[in-house]
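> Sequence first, then the predicted structure:
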Amino acid sequence: MANDEADESVREPDAGEQVEDEIPLAPLWAMKTRMHSHIRPEPGEVGRIRRRLGPDDDVIYIIDDGPDHCMVGRRVGHAADGCTYCLVARISLDRSEQLVEGDVDPTQAFSDARDISLCGVFEDEQSVSNVFLVRHYKRPGDVPDEYLPPSSFLEFTDDPPEA
């Protein structure tokens, strides 16, 4: 079985298939940790979503979270101790489709999101990364502007500032 898994990780994706490698480990683990659904479609299954949208500082990542929702995330910054900070939230499937189709700009990805959280992630490429909740935001308007796209990647010198 381990050989099958290794073969799966190196095979070429089918046309139109989204590969998880398009999503860096830190936002991927943060989104997976905060998602609500326990059903995780495998590559090629109906309902599986793995997207990278936007250029440079506007880039956001989207993964499926059950039949009606998706998780959206972005890297906010990092600290000298190796921690990467990511903003993640839950959005409707309709909103994710609007983002993918270009009807909504990636800078507006968090504007009607729910369960918005700043997470810290210590990446581990060999195992499960360590993800912790830094701050939960009740409303999109509570999120500091510097955490939202198209803000530049931040260098955290101490604990992230309180909002």
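Thanks, I have it. Residues are numbered from 1 along each chain as shown.

> who touches the nearest residue to Thr107 once chain neighbours are set aside in this structure?
Once flanking residues are discounted, Thr107 sits nearest to Pro149: 4.7 Å by C-beta to C-beta, 6 or more residues apart in numbering. Every residue, glycine included, has its C-beta placed from N, CA and C. Pro149 is in contact with 54, 57-60, 74, 106-107, 109-110, counting by C-beta atoms under 8 Å, 6 or more residues apart in numbering.

> want to throw those into JSON lines with pLDDT, neighbour count and secondary structure?
Converted to JSON lines, those look like this (pLDDT from 0 to 100; neighbours: other C-beta atoms under 10 Å; DSSP: H, G, I helix; E, B strand; the rest coil):
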{"residue": "Gly54", "pLDDT": "85", "neighbour count": "17", "secondary structure": "coil"}
{"residue": "Asp57", "pLDDT": "74", "neighbour count": "14", "secondary structure": "helix"}
{"residue": "Asp58", "pLDDT": "80", "neighbour count": "15", "secondary structure": "helix"}
{"residue": "Val59", "pLDDT": "93", "neighbour count": "17", "secondary structure": "coil"}
{"residue": "Ile60", "pLDDT": "96", "neighbour count": "23", "secondary structure": "strand"}
{"residue": "Arg74", "pLDDT": "97", "neighbour count": "27", "secondary structure": "strand"}
{"residue": "Pro106", "pLDDT": "90", "neighbour count": "20", "secondary structure": "helix"}
{"residue": "Thr107", "pLDDT": "91", "neighbour count": "15", "secondary structure": "helix"}
{"residue": "Ala109", "pLDDT": "95", "neighbour count": "28", "secondary structure": "coil"}
{"residue": "Phe110", "pLDDT": "97", "neighbour count": "23", "secondary structure": "coil"}
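
> Closest one of those to Tyr85?
Arg74 (10.0 Å; C-beta to C-beta).

> quick one: that closest one and Pro24 touch, right?
No: counting by C-beta atoms under 8 Å, Arg74 sits too far from Pro24 to count as a contact (10.1 Å).

> Great, nothing more from me.
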